[in-house]
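Student: Build me a model:
(chains A, B and C)
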Amino acid sequence: MLKSSRREAMGLALATPSFLFLLIFFIVPTLLLFVCSFWLAQSFRLIPAFTFDNYTRALSAGGFYALTWNALKNGLCTAVLTVGLSFPAAYFIVYRTRGNLLFYLILVSWFSSYLVRIYAWRVILGSNGLINTTLMQLGLISEPLEVLLFSPFATILTLTHIMLPFGLLLLVSALRDVKTDYIEAARDLGASQIEVLTKVILPMCYKGVVGAFMFTFVISAGDFVTPQLLGGRDGMTTGILIANQFRTAGNWPFGAAMAFLMLAAFLIVYLAFVRLLDLLRLAPGRRFHD
Amino acid sequence: MLRFYVWLYVAFLYAPIAVITLFSFHSSPSLTFPFEGVSLRWYEKIFSDTTFMTSLQNSLIVGASTALVTTVLGSLTALGLARLKGRIQTFFGLLAFGPVALPGLFLGIALVMLFSQMGLQRSLLTVTIAHVLFTLPFFIEAVRSRIEYFDLSLEEAARDLGATPMQAFRLVTLPIIGPTIGGAAILSFALSFDEFIITVFVSGNDTTLPLTIWSMMRRAVSPDINAASVISLGLSIGVILIGGLLVWYQRRTALNARARDTQA
Amino acid sequence: MSLPNIVELYGVTKAFGALTVLHDIDLSIQQGEILTLLGPSGCGKTTLMRLIAGFEPTTHGRVIIEGVDVSNLSPDQRPVNMVFQRYALFPHLDVFDNVAFGLRLKKWPKDRIREAVQHMLHLVQLGEYGSRWIHELSGGQAQRVALARALVNAPKVLLLDEPLAALDLKIRHHMLAELKRIHRETGTTFIYVTHDQDEATILSDRIVLMNRGRIEQIGTPEEMYAHPRSLFCARFLGETNILSGAVSACDSDLTHVAVGRGTVKVPANGSAVSVGQNVSLAIRPEALQVRRRQGLGETTENALDGVVEDVVFMGSRVVYSIRTPVETLKFQETRSVDGSMLAPGEEVRASWRPDAAVLLTQ
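Tutor: Numbers count the residues shown, from 1 in each chain, chains lettered A, B, ... in the order given. Presented below is the predicted three-dimensional model:
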């Protein structure tokens, strides 16, 4: 008893520096940002106050909903594509290969800098870009397809490309918890390969799949650089609007309020997503008998 | 079928990188085929660009400082988490994961708010603080599974055999978790080196490499940005590869040594 | 007994790359028996079971179940079910749903499933546990659920892969008795894999002893114990004393073997040996007779003189080590009613009847 409490005291002591760091640079700024969302700004100066003006102003502007919808759409499409495209690859890596070479090969591409990848897609998709010029040289089109670049399509394609390796990492670690024993047991009890997937693997790695989906969703819906560089006028998102408040226009309290509204929207999506899986009877922890 | 799909998946991941790399060696400014010839002129241009070289240097400084601070904080935390149980462990685990569960934008504006209220000038220091905040969760996640696997009774066995706490750490704990910590430190460096979204808010006059590439992108598309991109890619991928090889080599030699010992 | 064969293996060979783990195995398993695949780790017993279950394809050879060649069928198409070493109970399902898993895949109607599952849970004495989650079960309970989950599908053969390895000793003995009872009540054929000779002897109708990917010997536990056909078999099943020597003469029914300075006479048993050939003799510890040497005459036939070196009291039995010039012998006897024992240092003579020794040529 004494030994275990000493061990815990040691644990707390070891964790304290990080705790302080996270307190000062994560918890305090988040709270500060929240408090500030009720303040006012006058000619670039913050005036402490307690008003809901920033929130009502954002919520009463019609454009805010459209931009939030754009952000959520980017996030949802990217998350669906990332999880959908990565799951078969993760399955292959966990159950069909012995070594880790393929897995590492994919992970390494995670470190091909974010901005460079955005730039690369601009080169490929642009009106003088690789796809358009090639198609024109082949005589398939006579004018560049403008829709390739500066469109939600370009944003989602690029975000998916950026998120794939990390999504795969999360899915692989989730699938590694589903040991082959369980799969063999299900096969032995008469399950086909598809039934193994739906009745054993998916329920067992449920948390990992939801985690990968939400992580991808939050990062890509909250991203402002990709839509700004590739999204065009129709691809404007809340993220860009918020970033602009802090970089150019300078109404910080307004930006802070919008940031919290954005987080609230994410939360709603998360709850809806979990509810949806529940309704589709995909969530585990349910009894199938009475 | 599935195998073919996976290789397609890999090809999709690497194709844009390959295109950029290819055109960084193009002798003409054109970014389309046909490919006219190979030259290093864009690399020469970018290496003589002082803005680029300074930002590269800044990025290396920030990356190294971030890796150092994150490694110290993260290793202590991971060792601490292994000793904690129940609610405290869950709470702390969630807290440590928090910064990456939120969009980078959110962290960026929260930090810039904090720094301005604290009266802290934006500089490479604030960039490093932001990067530590961003890399710490990854570091802890990467090291944690290994440390949870690490049996605390090994340390106790060492203590029982007469080692002081420091000796137990140095002789038992460190050799076992060392390679993992090294790998995670390199991961932190690479993440910091590429970080842009938070950096764009918290940086001052000193720019980092992604910021320079960003401003090059906002100007007209000029071929030397290809070369800059490839240098940035090469450095972060190179660092990750070297780190991976080191961890792999160390594990392998450790295994071989053990095999030799048991055979003898 | 000549019951029909339920499983037949013909020339089954399994190679993983360059490594051959099973060499040309022929084996018939009878309807309703408990057959144990016994052997040290790496002998191929688990691989053989996985070949029958269908988790691994055979490299050569055929697997026949009830007269049907199943060699090319996947596990879900084979009429066998398995109890896994670590049970592999699905953590996302409760006990009832685990047991119902196979029946639901077969699209049984709801009420028949409920009936079958309840019946099976009662059979394994977990009637009230249907709504428990897997992580709430003890090791022994998890074992029973795994059994029920496999048996509810009424498999032609139940495969058990070291099912007791994860349990502690007391529960293990209890579970062995339970397995026998369940086998009796269901009449299902069991194929049981273990490396534990005690489990094998307690449980089996027949034992298949395996070594290095080959079958060493097949027989009832008594046959295997009394008539091991090889040194490996003699050593693997129970304690045994091994003496080595060279054949000195062959009678019509007795073979003479020179051991040390004496001679051992042993039934020829039809094994073809020639004079001068090196052979081994296996003598079980309880087959020895040991007396104090004082007052006994000289003899060199089927006897060795020695000194008691060590005495181990094991409750109902006493085990002695007797050092002789040739070999240190193990001797075992039931504790005598008056509790008298030999003491370390006493000079004794160990002797045995000719038919207590088994002549081994390999």
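Student: how much space between the residue of chain B found nearest chain A and A:Ser37?
Tutor: Nearest residue of chain B to chain A: B:Pro103, at 2.4 Å (Cβ to the nearest Cβ). C-beta here means a position set from N, CA and C on the backbone, and glycine is covered the same way. Using Cβ to Cβ, to the nearest Å, we find B:Pro103 at a distance of 16 Å from A:Ser37.
Student: by contact count, what packs against the least confident helix or strand in chain B by mean pLDDT?
Tutor: None of the helices or strands of chain B scores lower by mean pLDDT, DSSP states H and E than helix B:152-160, at a mean of 76. Packing partners of helix B:152-160 (3 or more Cβ pairs under 8 Å, 6 or more residues apart in numbering or on different chains; DSSP states H and E): helix B:165-168.
Student: residue contacts, the closest residue to chain B within the stretch 101-250 of chain A?
Tutor: For the stretch 101-250 of chain A and chain B, the shortest gap (Cβ to the nearest Cβ) falls at A:Gly222, measuring 2.4 Å. Residues counted as contacts of A:Gly222 (Cβ atoms under 8 Å, 6 or more residues apart in numbering or on different chains) are A:71, A:75, A:239, A:262, A:266, B:102-106.
Student: Skipping adjacent residues, who's closest to it in space?
Tutor: Counting by Cβ to Cβ, 6 or more residues apart in numbering or on different chains, A:Gly222 lies nearest to B:Pro103, which is 2.4 Å off, once chain neighbours are set aside.
Student: Give me the distance from the strand or helix carrying B:Gly80 to the chain's centre.
Tutor: For B:Gly80, the host element (DSSP states H and E) is helix B:50-83. The chain centre lies 8 Å from the centre of helix B:50-83; the measure is Cα atoms, centre = their mean, to the nearest Å.
Student: right, is that helix up against chain A?
Tutor: Yes: interface with chain A: helix B:50-83 contributes B:72-74, B:76-77, B:79-83 (Cβ under 8 Å from any Cβ of the partner chain).
Student: Go ahead and build a ChimeraX selection from the buried members of these.
Tutor: A single ChimeraX command is used to select the members of the residues of helix B:50-83 next to chain A judged buried by 16 or more other Cβ atoms under 10 Å in any protein chain shown:
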select /B:73,74,76,77,79,80,81,82,83
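Student: so can I have JSON lines of the residues of helix B:50-83 next to chain A showing pLDDT?
Tutor: What follows is those, written out as JSON lines (pLDDT from 0 to 100):
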{"residue": "B:Val72", "pLDDT": "95"}
{"residue": "B:Leu73", "pLDDT": "95"}
{"residue": "B:Gly74", "pLDDT": "94"}
{"residue": "B:Leu76", "pLDDT": "91"}
{"residue": "B:Thr77", "pLDDT": "90"}
{"residue": "B:Leu79", "pLDDT": "86"}
{"residue": "B:Gly80", "pLDDT": "88"}
{"residue": "B:Leu81", "pLDDT": "85"}
{"residue": "B:Ala82", "pLDDT": "82"}
{"residue": "B:Arg83", "pLDDT": "82"}
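Student: what's the closest of the residues of helix B:50-83 next to chain A to C:Leu179?
Tutor: Using Cβ to Cβ, B:Ala82 comes nearest to C:Leu179 of the residues of helix B:50-83 next to chain A, at 40.1 Å.
Student: That closest one against B:Ser145, yeah?
Tutor: No: the pair B:Ala82 and B:Ser145 fails to qualify as a contact (Cβ atoms under 8 Å) at a distance of 10.7 Å.
Student: helix/strand/coil for the residue of the stretch 151-300 of chain C found nearest chain A?
Tutor: Shortest the stretch 151-300 of chain C-to-chain A distance, computed as Cβ to the nearest Cβ: residue-wise this is C:Asn153, at 6.5 Å. Under DSSP: H, G, I helix; E, B strand; the rest coil, C:Asn153 falls in the coil class.
Student: confidence score at it?
Tutor: Looking at C:Asn153, its pLDDT is 93.
Student: Could you double-check that it lies in contact with A:Ala185?
Tutor: No: contact criterion Cβ under 8 Å: C:Asn153 and A:Ala185 do not qualify, at 11.9 Å.
Student: More neighbours: the two, which one.
Tutor: The neighbour comparison of C:Asn153 against A:Ala185 (other Cβ atoms under 10 Å in any protein chain shown) goes to A:Ala185, with 28 against 22.
Student: Does that one touch C:Gln85 like I think?
Tutor: No: with contact defined as Cβ under 8 Å, A:Ala185 does not count as touching C:Gln85 (11.0 Å).
Student: coming back round to it: so what's the residue of the stretch 151-300 of chain C closest to chain A up against?
Tutor: If you count contacts by Cβ under 8 Å, 6+ apart, then C:Asn153 has A:189-190, C:81, C:102-103, C:106 around it.
Student: What is the nearest of those residues to A:Leu138?
Tutor: Distances from A:Leu138 to the contacts of C:Asn153, taken by Cβ to Cβ, are shortest for A:Gly190, at 52.0 Å.
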